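Peer 1: curious how this folds, go ahead:
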Amino acid sequence: MTANLQCQAAIADGEGKFVIDTVQVRAPQAGEVRVKLLAAGICHTDYASLSWPGPLVMGHEGAGVIEALGEGVAHLQIGQSVLLNWAIPCGSCPQCERGRGSLCERSHGIDPSLGSSNVAGDHTVWQGQTIERSFKLGTFSEYTLVRSEAITPLPTPLPARLSMRCACILGCGVMTGVGSAINVANVQQGDTVVVVGCGGVGLSAIQGARLAGAGKIIAVDQRETSLQRARDLGATDCVLSPSDDPQHDKLAAAIRDLTAGRGADHAFEATGVAALAFLPLKLARNGGNAIQLSGAHGPVTIDMPTFWWDKKYMVPLYGGCQPKRDFPKLFDWAARGELELESMVTHTYQLNQLQQALDDMMAGRCAKGVILFEPAP
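Peer 2: The predicted structure is shown next:
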């Protein structure tokens, strides 16, 4: 029988701080998989998780290798390279049957009759108490225990352009951005797109728009370095966000100038700033799509006429992800070089450098930071 094991993990205290300490991860039971993490992506949600109810193992983007399998998991193998998926579909609830696995009612705990959304409650122990993991994953840990539905096998062998350090960011930020452009907005050949905020999710939305054949892709950011990354990844035009523009009238005028006076067919916000949540409505054309990607929290006020003229405002979850459909596409695009990942991973860290990683992200010094648990292929 596979034994429980000890490993290092980042544990948030619920009050804005974290520690790196030893946790115990139990052996997998029926339907479960224990994964040795090799790489974990860092995003703004991880910073937000510092203030979620704690203690909590942080992290929700990760890739690694299967270390142990529970009973009944016949479709996976020990040693197999895998990507973790935080919006875990059960495959049988009403949302999953509609093809909306990212809204799985079991994983989100909507219908208790569907059973637990998590593995058994004694999965991770710290200082003698059972603790939760961020999004049922907790990827800022050397090992994690997950439901088998959270696993997507990576190609074997790994393509040169899909190293573990690149693959791990597919599990949230890239899927959210690319999927929102292709699955949610349904960007078409020749469409005009504007993306406000050129961090990991925004850059991924830009790449999704490029993959969909958008004719004009306008990147907006406060930093020239971020705009240069956007240019490299497919933006046709870049706008430095005006600093003296509290109502965003100058920005809206700049977008109209670049879109023949109409506004964009699709406008995305990916800044994480609550005050900008409704900005896409001001940048989208009549009848266009306004899409808020960043999951920003906090109260926001808006004049209702901003919604007029048949504009559609959407707050998609996870880019409409269907793992069996979408991840193979991402793997294929990455392997062919059509989805650029290597240049998005601008910084790598060890687990004991997590504070520096969070500081770099919040200061805008990196596009995507990745924790490497050991030299990862």
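
Peer 1: domains in the protein, as residue ranges please.
Peer 2: The record's domain parsing of the chain by automatic domain parsing lists 5-163+342-372, 174-318.

Peer 1: mean pLDDT and mean neighbour count added to the ones you listed, as a markdown table?
Peer 2: For every residue, glycine as well, the C-beta is placed using N, CA and C. Shown next, in a markdown table, are the domains of the chain (pLDDT from 0 to 100; neighbours: other CB atoms under 10 Å):
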| stretch | mean pLDDT | mean neighbour count |
| --- | --- | --- |
| domain 5-163+342-372 | 90 | 19 |
| domain 174-318 | 93 | 20 |
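
Peer 1: turn those into a markdown table, including distance to Leu330.
Peer 2: A markdown table is the format used below for these (distance: least, CB to CB, whole Å):
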| stretch | distance to Leu330 |
| --- | --- |
| domain 5-163+342-372 | 9 |
| domain 174-318 | 7 |
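
Peer 1: right, so of those, which gets closest to Lys324?
Peer 2: Among the domains of the chain, domain 5-163+342-372 comes nearest to Lys324, with 7.8 Å by CB to CB.

Peer 1: just give me how far that closest one sits from the chain centre.
Peer 2: 12 Å (CA atoms, centre = their mean, to the nearest Å).

Peer 1: one more: stretch 233-253?
Peer 2: That offset, for stretch 233-253, works out to 24 Å (CA atoms, centre = their mean).

Peer 1: show me the contact partners of it.
Peer 2: Counting by CB atoms under 8 Å, 6 or more residues apart in numbering, stretch 233-253 makes contact with 195-196, 203, 206-207, 209-210, 215-222, 224, 227, 230-231, 254-255, 258, 263, 279, 282-283, 340, 343-344, all of which sit outside it.

Peer 1: rerun at 7 Å
Peer 2: When contacts are defined by CB atoms under 7 Å, 6 or more residues apart in numbering, stretch 233-253 is touched by residues 203, 206-207, 210, 216-222, 224, 227, 230-231, 254, 258, 279, 282-283, 340.

Peer 1: tell me where the protein has helices.
Peer 2: Under the criterion DSSP state H, the chain contains helices at 44-48, 94-97, 164-167, 173-179, 200-211, 224-232, 249-258, 279-283, 323-336, 354-362.

Peer 1: neighbouring contacts of the first one?
Peer 2: Think helix 44-48. Under CB under 7 Å, 6+ apart, the answer for helix 44-48 is 58-60, 272, 295, 358, 361-362.

Peer 1: out of those, which one sits closest to Glu374?
Peer 2: Checking the contacts of helix 44-48 against Glu374 with CB to CB, the nearest one is Gly59 at 16.0 Å.

Peer 1: OK, contacts around the closest residue to Tyr313 other than its chain neighbours?
Peer 2: Spatial nearest neighbour of Tyr313, chain neighbours left out: Ala290 (4.8 Å); criterion: CB to CB, 6 or more residues apart in numbering. Ala290 makes contact with 267, 280-281, 284, 311-313 under the criterion CB under 7 Å, 6+ apart.
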